[in-house]
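Participant: The sequence and its predicted three-dimensional model are supplied below.
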Amino acid sequence: MAEVVVLALTAAFNPTEVAAIAVMLLLPRPGRLMFGYWLGAMLTGVASGCVIVFALEGTGAEHTTRHTVGPVVWLVVAVLLVIAAFAVARGEDKRMREHRRERHPKKEKKTPRWQKTLREGNAWHTFVVGILLSFPGASYLAALDRIIHLHYATVVTILVLIGFNLVQNILIEAPLLAFRIWPTQTPAAIDSAKAWASSHGREYGSWALGLLGLALAIPSIIALLSR
C-alpha cells in the first residue's frame, strides 16, 4: 500500500496537469476554473481505474501483469530517479536545454488546443479538459497493478481508487481550498510561492526526486532479498 501512496504523489506532478494549473491560476476566477477541471479529472481517474481493476482482476491478464512489473523494474525506476536528482542538483538539465537551444534555434510554438480552451473557456470547458487530460498515465497504471494484487473487497477498492485520485490531484485541491478559506490572501501567497520556487525549486526538486527513488528502492530490495 505504501508504494501506491508514493505512486500517487509521483502522478501528482504530471507535467501536463502542472501546466494546466499554471494557466488557470493566471486567469480571472481561477477557483471556478480549477473546480471544473478537478471534477473532470476525478471522474476520469476513478471511472477508468475501476474499469481497469475490475476488468483485470481474476483474469489471465492479472497473472501476466504480476510478472511484468516486478521488484527489478521498480529498482531500475528508483535508480533513474536518484540519477535524475543528482542531475537536477548539478544543473545538468539546464545545460542540456541550453545546448539544445544552441543546436536547434527556437521556433515559434503553437499553443496547445487545451491551453486555448482553458484561457477562453469557463468551468464547463475546464471540466471537459480535465476529463481529456486525466486518463491513466504510467504511475497510475503501476498503482492499479498494485491495487489488483491487494485483493481488497469491491467497496474498499473503490475507496482506495478515490483516495489515490485525491492525492493525485492535490496540486489542484490545495489552491482550491486556499481560495475558499482565504479568498483575498491567496493570490498574494501564490505570487510569493512562484518567487520562492524560482529561487529554491531546483534544490527541493532534487531532494524530492531522491526521496522518491529511495521510497521505491527500499521495498524493491527487500522483495528481491526475500525471494
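Facilitator: In hand now; what should we look at?
Participant: Mind listing residues that contact stretch 175-188?
Facilitator: With contact meaning CB atoms under 8 Å, 6 or more residues apart in numbering, stretch 175-188 is reached by I21, L25, P30, G31, M34, F35, W38, A189, I190. Every residue, glycine included, has its C-beta placed from N, CA and C.
Participant: need the helices for this protein, in chain order.
Facilitator: With DSSP state H as the criterion, the chain has helices at 2-12, 15-25, 30-56, 60-68, 71-90, 92-103, 113-120, 123-132, 138-150, 154-168, 170-181, 185-225.
Participant: between those helices, which has the poorest average model confidence?
Facilitator: For the helices of the chain, mean pLDDT drops lowest on helix 60-68, to a mean of 47.
Participant: one step back: could you dump the helices of the chain to TSV with mean neighbour count?
Facilitator: TSV is the format used below for the helices of the chain (neighbours: other CB atoms under 10 Å):
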stretch	mean neighbour count
helix 2-12	19
helix 15-25	17
helix 30-56	19
helix 60-68	12
helix 71-90	17
helix 92-103	11
helix 113-120	15
helix 123-132	19
helix 138-150	19
helix 154-168	17
helix 170-181	16
helix 185-225	14
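Participant: ok, back up a step: will you turn the contacts of stretch 175-188 into a markdown table that also has distance to I83?
Facilitator: Conversion of the contacts of stretch 175-188 to a markdown table gives the following (distance: CB to CB, whole Å):
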| residue | distance to I83 |
| --- | --- |
| I21 | 27 |
| L25 | 31 |
| P30 | 36 |
| G31 | 39 |
| M34 | 34 |
| F35 | 38 |
| W38 | 33 |
| A189 | 34 |
| I190 | 32 |
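Participant: for the residues you listed, which one is nearest M1?
Facilitator: Closest approach to M1 among the contacts of stretch 175-188 (CB to CB): W38, at 24.3 Å.
Participant: Tell me the spatial nearest neighbour of that closest one, not counting adjacent residues.
Facilitator: I172 (4.8 Å; CB to CB, 6 or more residues apart in numbering).
Participant: how much space between that neighbour and M24?
Facilitator: Distance of I172 to M24, computed by CB to CB, to the nearest Å: 9 Å.
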